[in-house]
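Asker: turn this into a model:
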Amino acid sequence: IGLGASAAFGVASAAAFAELFGIELSEFQTVQSAAMAELSFMSIATSLTDHLVSTVSHEGSCVFVDLRELSYDYLPLDFSEIDFLITISNVPQISSAQDLEFRRLKCESCLSVIKERKIAQTLRDVSVEDVRDVLDGLPEDARRLCTHVVQENDRVRHAAKLLEERSYEALGKLLTRSQDSLRDSYEVSCPEIDWLIKRAAETDGILGSRMVGPGFGGCTLSLIRKDAVDTYLYNIEEYERIFGFKPEWFRLSPVSGARRLPILVN
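Answerer: From the prediction side, this is the model:
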């Protein structure tokens, strides 16, 4: 469903086996073990983001990850007035690997052209102005996809600042802009997700909403005031009748990463 469940299971398994056999693993070794297991046994090559967050997360915080440096910081989450609400679309999952690979290759072609004019290791080192400067050397789809990635990197940095400031109204608007770009520029949304996002936008008390996961289904993440949850759930009641899938929902509760829990025996 796009929430990193397989990564969480892999990290929990790595931690459990380490505990069982008395193996001392560092945080990064735990992350590597889980990611390598997914690649070796399931042929799933992913970034380390989900594995890292499942390992190092803290209760009441979110994790700001720098994959280039393999470093992270904690950002505060104040749930006294707002919630993060997940809505699972339950759209049947289809393989999106080919579509995502197409987007990756287009972005790489864009980066190659930009590298002819400036020093850049990845699109993280590129600005929107850099993309515009090479407009004549890029096909339209590559420029559009590349612009989304560059702007999304900027949005992530901006979101971290807003979380530190507890500026949730502004953060909600940022989530919505991210979704608009995912839908219109990166083109990984779908009618079911678009419908849920639209209902969220029509609900007083929802500050912003975007899809999460690789795309073409999965979930939406909504920043919502606590007193608006019931209204939102009422607004999405027609979803099953329209699309034939019953949505599910839950509030996010950030907790600590994989760890040993005490077993209570009656």
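Asker: helices or strands up against the helix or strand that contains Leu223?
Answerer: Here Leu223 sits within strand 219-225, counting by DSSP states H and E. With contacts taken as 3 or more C-beta pairs under 8 Å, 6 or more residues apart in numbering; DSSP states H and E, strand 219-225 sits against strand 82-88, helix 168-184, helix 191-201, strand 206-212. Placement of C-beta: from N, CA and C, glycine included.
Asker: tell me the most buried of these?
Answerer: Comparing the helices and strands packed on strand 219-225 by mean neighbour count (mean count of other C-beta atoms under 10 Å), strand 206-212 comes out on top with a mean of 23.
Asker: chain center to that one: distance?
Answerer: How far strand 206-212 lies from its chain's middle: 11 Å, per C-alpha atoms, centre = their mean, to the nearest Å.
Asker: partners of that strand in the sheet?
Answerer: strand 219-225 (antiparallel) (DSSP bridges).
Asker: got the angle for the strand it pairs with vs helix 168-184?
Answerer: 160 degrees (axes from the mean of the first three to the mean of the last three C-alpha atoms, to 10 degrees).
Asker: what comes into contact with strand 219-225?
Answerer: For strand 219-225, the external contacting residues (C-beta atoms under 8 Å, 6 or more residues apart in numbering) are 1-3, 81-89, 168, 171-172, 175, 193, 196-197, 200, 203, 205-213, 232, 252.
Asker: dump the helices and strands packed on strand 219-225 to TSV, plus distance to Met42.
Answerer: Below are the helices and strands packed on strand 219-225 laid out as TSV (distance: least, C-beta to C-beta, whole Å):
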stretch	distance to Met42
strand 82-88	22
helix 168-184	26
helix 191-201	25
strand 206-212	21
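Asker: residues in contact with Phe84?
Answerer: Contacts for Phe84 (C-beta under 8 Å, 6+ apart) come out as Leu77, Leu221, Ser222, Leu223, Ile224, Arg251, Leu252.
Asker: farthest-separated two in those residues?
Answerer: Using C-beta to C-beta, the contacts of Phe84 reach their maximum pairwise distance at Leu77 and Ser222, which is 14.6 Å.
Asker: looking at those two, which has the bigger crowd around it?
Answerer: The residue with more neighbours, out of Leu77 and Ser222, is Ser222; 28 against 18, by other C-beta atoms under 10 Å.
Asker: work out the gap between the strand or helix carrying Ser112 and the centre of the chain.
Answerer: In this assignment (DSSP H and E), Ser112 forms part of helix 97-115. Remark: helix 97-115 is offset 19 Å from the chain centroid, using C-alpha atoms, centre = their mean.
Asker: quick one: list the elements packing against it.
Answerer: Checking 3+ C-beta pairs under 8 Å, 6+ apart, helix 97-115 ends up next to helix 128-133, helix 140-165.
Asker: what's the most buried one of those?
Answerer: Comparing the helices and strands packed on helix 97-115 by mean neighbour count (mean count of other C-beta under 10 Å), helix 140-165 ranks first with a mean of 17.
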